[in-house]
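> using only what follows, build the 3D model:
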Amino acid sequence: MASQDPQIHSPATRITHWFAAASFVLLFATGAAIFDRRPRLRLGLQTFTLPQVPSWLTMTAEPRLIHYVFAAIFILCGVAYLTWGLRSGHFAALTFKRTDWPKLLPMQLYYLRLRKDPSAYGQYNPLQKLAYTVVLFAIAPLLVLSGVALFESRIFEPLSAIFIGGARLWHIVLTVVLCLFVIGHLGMVLSTGFMKNMRKMV
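Residues are numbered from 1 along each chain as shown. Below you'll find the predicted structure:
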């Protein structure tokens, strides 16, 4: 049966993946609409006006409320995935370890078609583990914290102090970084077999 294939992702991974992916798309669209209403960024004493996001990438219907709703869904997906990952031992295979460092270059050379075979690895290759570790344990948490710091409530104001240059700057930069990860992720899905990868995740 397909469900017994070790290459098939677990139900917890599949469910949280698709909910988080859908949430991120809507968070980006509503976040872009919110940004377009005030496309200025302050760095120290300087204020910069940034180019507006193309209208086809934005969602203008009550963007702030929708942004908060899907931010909550995104956070809940993250908490559920992290809880399951810690309890099941899933992160033992997913997280980057010191022993993975020597395997990074051979794996990159393999992807660039400059090496015939990659170094031996388990369920996830070293480049995947590095990317997932950074995204799951650094980028995503900081993105959420910077968003919470921007929330219009004095309860969360102390969070702003940890973001040098301002929580808004961090929130925008981290969003761009996460978008680059998504683009790379989709590129790898397409280059390694779209239908094969979709079957694993669906």
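> rest of the way, CA atoms for contacts and neighbours
Will do.
> what about the helices in the protein?
In the chain, helices defined by DSSP state H lie at 11-37, 63-88, 91-94, 101-111, 126-134, 140-150, 167-191, 194-201, listed in chain order.
> for those helices, which one sits closest to P51?
helix 11-37 (8.6 Å; C-alpha to C-alpha).
> ok, for Y110, nearest residue in space, not its chain neighbours?
With sequence-adjacent residues excluded and distances taken as C-alpha to C-alpha, 6 or more residues apart in numbering, Y110 is closest to P118, at 5.6 Å.
> now the one you found: how far from K196?
Distance from P118 to K196, counting by C-alpha to C-alpha, to the nearest Å: 20 Å.
> mind listing what the residue at minimal distance from the centre of the chain touches?
The centroid of the chain falls nearest to L178 when counting by C-alpha atoms, centre = their mean (4.7 Å). L178 sits next to 135, 139-140 when contact means C-alpha atoms under 8 Å, 6 or more residues apart in numbering.
> nearest to W170, of these?
Closest to W170, out of all of the contacts of L178 and judged by C-alpha to C-alpha, is I139, at 10.2 Å.
> residue contacts, the closest residue to that closest one other than its chain neighbours?
Closest residue to I139 apart from its sequence neighbours, by C-alpha to C-alpha, 6+ apart: L174 at 6.4 Å. Applying C-alpha under 8 Å, 6+ apart, we find L174 in contact with 139, 142-143.
> just the buried ones from those residues, in ChimeraX syntax?
Typed into ChimeraX, the next command selects the buried ones out of the contacts of L174 (criterion: 16 or more other C-alpha atoms under 10 Å):
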select :139,142,143
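> what's the neighbour count on K129?
20 (other C-alpha atoms under 10 Å).
> report the buried residues of stretch 14-25.
So, applying 16+ other C-alpha under 10 Å, buried residues of stretch 14-25: 14, 16-17, 19-20, 23-24.
> from the chain's centre, how far out does it sit?
Chain-centre distance of stretch 14-25: 10 Å, with C-alpha atoms, centre = their mean, to the nearest Å.
> which residues are contacting stretch 26-39?
By C-alpha under 8 Å, 6+ apart, stretch 26-39 touches 49-53, 57-60, 63-64, 66-67, 70-71, 175.
> can I get the contacts of L178 in TSV including distance to F91?
Below are the contacts of L178 laid out as TSV (distance: C-alpha to C-alpha, whole Å):
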residue	distance to F91
V135	13
I139	17
A140	16
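> closest one of those residues to L190?
Nearest member of those to L190, counting by C-alpha to C-alpha, is V135, at 20.2 Å.
> and the residue lying closest to the closest one once chain neighbours are set aside, what pLDDT?
Closest residue to V135 apart from its sequence neighbours, by C-alpha to C-alpha, 6+ apart: L178 at 7.5 Å. pLDDT for L178: 97.
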